[in-house]
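Student: Any chance you could fold what I've pasted below:
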Amino acid sequence: MTEAMRRAMNPNATEIAALSISGHADIARELLGGKGRSVLDVGCGAGTFTWLIAPMFERVAGLDPKAACIEEAKAAAKAKGIDADFRVGEAEKMPFADGSFDVVVFSNSLHHIPGMDAAMAEAARVVKPGGLVYVMEPVPAGTFFEATRLVNDETEIRGEAWRSLHRVTGLKPEIERLYRARRGFSSIQEWRDGQIGHDPHRGVLFEQHKDEIDRRFHAAAEHEGGKLMFTTVSRVNVLRRSA
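Tutor: Here you go, the predicted model:
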C-alpha cells in the first residue's frame, strides 16, 4: 500500500481527529457550487443525495439499476415540484450522449458497482470537456467502521474503488478531501435493526458472532447525551475531464 493510498483508506486516529467535522451536503456545496448547470447522480437510489445537490443545478438527472428506486425517486421529484430526469440503467453503460453533463456524481455508490472501471470510463464519456466527476466514498476507518466490520467489512472493495479513480483515462485528479461526522444510536438494538434492514443476510452474522459484535460495538462507542456515538470517515475525490 502506497502512502497516498494509506492516507486515503486507512488514516490513523491522530489523522482522523484532525479532520473537519462536516456533512455530505456541506462538502458538495463547497466543491460543486457554481461548477455548472447540469448534474447526473449515478447510483442515485431513491434520490436522497440528488435532492441535496439539486438546488445548485438547472438540470438534474439520476441513474440507478433498480426500477423500484427510480419509481420512488420520480414520486419524490413530483412531490417536491422538481423537474428531474430519473432513469433505470447501469453505470457501466449510461443511457446518455457524450458530454451531456457539467458534473457527474457518485455518492456512496462506486464501490457497489460491479464494473467500477467501466463506470468511471462512462463518467469520463458523459461529462463535458472541462467538467467534473465527484466521487464520495465511505472510508474503512473510524470507530463506526470498527464497530461494524464483523457485520459489513468492505475494506477491499472500497480500496478497489479508490484504485479505479486512478486507473481511468481522460480524468485528472484535482481534489481529495477526507472529513468526519458523528453518528449516534439509542441502543445496540437500533443499530442492529438498521444493519439487518439494509441487508437481511447480516442477521446470520449477528447470530454467529453475537458476543464479539456486542463487545466491539460497546468498546468503540462514546456515551454522549444518552446516545452511543461513533465517528464515521468519508472521502471525496474530484476529477476533471480534459478540456
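
Student: Export stretch 31-43 to CSV, keeping only CA atoms.
Tutor: Extracted C-alpha coordinates of stretch 31-43, given in CSV (Å, rounded to 0.1, in the frame of the first residue of the first chain):
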residue,chain,number,x,y,z
LEU,A,31,-16.8,21.8,-4.1
LEU,A,32,-19.6,21.9,-6.6
GLY,A,33,-21.3,25.2,-6.1
GLY,A,34,-21.1,27.3,-9.3
LYS,A,35,-19.4,24.4,-11.3
GLY,A,36,-22.1,24.1,-14.0
ARG,A,37,-25.7,23.9,-14.9
SER,A,38,-26.3,20.1,-15.2
VAL,A,39,-25.6,17.1,-13.0
LEU,A,40,-26.0,13.4,-13.1
ASP,A,41,-26.3,11.4,-9.9
VAL,A,42,-25.0,7.8,-10.7
GLY,A,43,-26.4,5.1,-8.4
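
Student: which parts of it are buried?
Tutor: 31-32, 35-36, 38-43 (16 or more other C-beta atoms under 10 Å). All C-beta spots, glycine's among them, are computed from the backbone N, C-alpha and C.

Student: Just the closest of the residues you listed to I175, please.
Tutor: If you rank the buried residues of stretch 31-43 by distance to I175 using C-beta to C-beta, L31 comes first, at 6.5 Å.

Student: To which secondary structure element is the closest residue to that closest one other than its chain neighbours assigned?
Tutor: Spatial nearest neighbour of L31, excluding adjacent residues (C-beta to C-beta, 6 or more residues apart in numbering): V238 at 5.9 Å. Assigned by DSSP states H and E, V238 belongs to strand 227-241.

Student: That strand packs against which elements?
Tutor: Under the contact criterion of 3 or more C-beta pairs under 8 Å, 6 or more residues apart in numbering; DSSP states H and E, strand 227-241 touches helix 24-32, strand 127-138, helix 143-148, helix 155-165, strand 171-185, helix 210-220, strand 222-224.

Student: mind redoing it with 7 Å?
Tutor: helix 24-32, strand 127-138, helix 143-148, strand 171-185 (3 or more C-beta pairs under 7 Å, 6 or more residues apart in numbering; DSSP states H and E).

Student: From the chain's centroid, how far away is it?
Tutor: In terms of C-alpha atoms, centre = their mean, to the nearest Å, the centre of strand 227-241 is set 8 Å apart from its chain centre.

Student: do the same with stretch 12-30
Tutor: 14 Å.

Student: Return the set of buried residues in it.
Tutor: So stretch 12-30, judged by 16+ other C-beta under 10 Å, has buried residues 16, 19, 24, 27-28.

Student: mind showing which ranges of the chain have poor pLDDT?
Tutor: Applying pLDDT under 70 to the chain flags no residue at all.

Student: Just after the top helix by length along it, pick out the following helix or strand.
Tutor: What stands out as the longest helix in the chain, according to DSSP state H, is helix 67-80. For helix 67-80, the succeeding helix or strand toward the C-terminus, using DSSP H and E, is strand 84-88.
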